[in-house]
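Visitor: missing the sequence, but the structure's below:
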């Protein structure tokens, strides 16, 4: 068994942008459409309706709409279909998985002391805010840049005498020492230099200038693989009440649990057969975990056939930890004999453990309207506003550049949701539409999201079943690496889900 060394990088909270930059903020500030089948079938337009577990995750007053105590459990199948385009070459990746994405219980206490406060409800709901399961693959020929540009960007300014391996040192020894004493940038410089991806301008120990060992005059064939998994799960503790016949008030306290895993692999082959670098495979495996807390407050007003709702979602205060494992394999021409191709594998088996950092995501406001057509059906509309530019990475002094990026690149984004339900005896037919504005001002890094949903339900009285299908489409333009090789792949993501819920009245 290989020994794994644990590296604590106490002062490196800004050194790796995979987990501690603007992308991190957007990832944990965004909520997918998740929850019960009824909720998803109506595209989440439930802010003025209530009576559903996922509904009171939007508006806490919604749990007081329940007439009796209930339990609901929901199972979903997630499918991601990613069409990628990279320098004119198209590719596709399609994957799916099952997940128990929601479970909740609510206790309803009616006729409290014969007062105007008609009802009190206590609820607990657990559901995914976000499911991170996704894979995509991009391939194409980059005409001008390659992995060497990444390593050059980190190596320039690093003294050769610091990053070069001493006789008798293992890759683990050097990588570990550099991380402890010089930081993430020096580790990247070491990988590039010892992997013969870059060359020093001179062999002097004081040299700080480096050039590419790859010839990109005819471009480079690049394969880019990204695999993500994990969840952002929300535990909602709810209390709500009904005052007289037409006012519902509620409060949520939410606990958040983050588990995010990401594997990125870049495989590159320079087209020019005379290139010093012949092949490179660079892997980064990131693990982010942590917890957060938030609260919500809301109200629903019932006016004959009209329902009005309003709710406030506080910022979520996250405390997160990041771990990173890297590896590099290269084929290169022997500097002493250019006709000979050599192989270099650098797998330090070191886990870079970074100092805990904090993210404050933006709060949001939701206004809702619904019209009830007696016992035949309903139509509902929700509007939410969230200003992503209010998000922050902390400690603030450690993330000055990242927080400036948030201020300059993110914006206030609107979400529109509309849903309807039509009842035929015990059957319910449902449908919905949603539009979510991009959090980015350029509307390119992450595009607007558009989706629709359909569903059906059957009520046996004390038992009901609900089935929903929802589909969304969004353009993504991820950057390959955080420096040097900053070209983007164009991804069109289609996310489709089938959700089944079963509800028991207690």
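Guide: Thanks, I have the structure now. Please read all numbers here as calculations on a predicted model, not as lab measurements.
Visitor: what bridges to residue 94?
Guide: Beta-bridge pairing of residue 94 under DSSP bridges involves residue 81.
Visitor: separation between it and residue 223?
Guide: Relative to residue 223, residue 94 is positioned 17 Å away (Cβ to Cβ, to the nearest Å). For every residue, glycine as well, the C-beta is placed using N, CA and C.
Visitor: between these two, which one's more packed in?
Guide: residue 223 (16 against 12; other Cβ atoms under 10 Å).
Visitor: the more buried one: helix or strand, and which one exactly?
Guide: According to DSSP states H and E, residue 223 maps onto strand 220-243.
Visitor: against which helices or strands is that strand packed?
Guide: With contacts taken as 3 or more Cβ pairs under 8 Å, 6 or more residues apart in numbering; DSSP states H and E, strand 220-243 sits against strand 89-110, strand 117-131, strand 134-142, strand 247-270.
Visitor: looking at these, which is closest to residue 172?
Guide: Closest approach to residue 172 among the helices and strands packed on strand 220-243 is made by strand 247-270 (20.7 Å; Cβ to Cβ).
Visitor: helices and strands around that closest one, which ones?
Guide: Helices and strands touching strand 247-270, by 3+ Cβ pairs under 8 Å, 6+ apart, are strand 220-243, strand 277-303, strand 317-334.
Visitor: need the next SSE after the last one, C-terminal direction.
Guide: Once strand 317-334 ends, the next helix or strand along the chain (criterion: DSSP H and E) is strand 337-346.
Visitor: buried stuff in that following strand?
Guide: 344, 346 (16 or more other Cβ atoms under 10 Å).
Visitor: what helices and strands are in contact with that strand?
Guide: If contacts are counted by 3+ Cβ pairs under 8 Å, 6+ apart, strand 337-346 sits against helix 184-194, strand 317-334.
Visitor: mean neighbour count added to those, as CSV?
Guide: Shown next, in CSV, are the helices and strands packed on strand 337-346 (neighbours: other Cβ atoms under 10 Å):
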stretch, mean neighbour count
helix 184-194, 25
strand 317-334, 19
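Visitor: so which of these gets nearest residue 66?
Guide: Nearest to residue 66 among the helices and strands packed on strand 337-346 is strand 317-334 (29.5 Å), distances taken as Cβ to Cβ.
Visitor: the closest one vs strand 337-346, what angle?
Guide: Comparing the axes of strand 317-334 and strand 337-346 via axes from the mean of the first three to the mean of the last three Cα atoms, to 10 degrees yields an angle of 150 degrees.
Visitor: the residue lying closest to residue 332 once chain neighbours are set aside: which element?
Guide: Spatial nearest neighbour of residue 332, chain neighbours left out: residue 196 (4.1 Å); criterion: Cβ to Cβ, 6 or more residues apart in numbering. For residue 196, there is no host helix or strand (DSSP H and E).
Visitor: got phi/psi on residue 196?
Guide: Main-chain dihedrals, residue 196, degrees, to the nearest 10: phi 60, psi 30.
Visitor: next, count neighbours for it.
Guide: 21.
Visitor: per-residue pLDDT, it?
Guide: Reading off the confidence values, residue 196 has pLDDT 96.
Visitor: same check, this time on residue 395
Guide: If you check residue 395, the pLDDT there is 88.
Visitor: looking at this protein, which helix or strand is least sure?
Guide: Lowest by mean pLDDT, DSSP states H and E among the helices and strands of the chain is strand 5-9, with a mean of 44.
Visitor: show me the shaky parts of the stretch 201-350 of the chain.
Guide: The model of the stretch 201-350 of the chain has no residue with pLDDT under 70.
Visitor: ok, the residue nearest to residue 332 - contacts?
Guide: 213, 276-277, 330, 332, 335, 342, 344 (Cβ atoms under 8 Å, 6 or more residues apart in numbering).
Visitor: now swap in residue 309 and tell me
Guide: Residue 309 touches 47-50, 59, 61-62, 298-301, 366-370, 382, counting by Cβ under 8 Å, 6+ apart.
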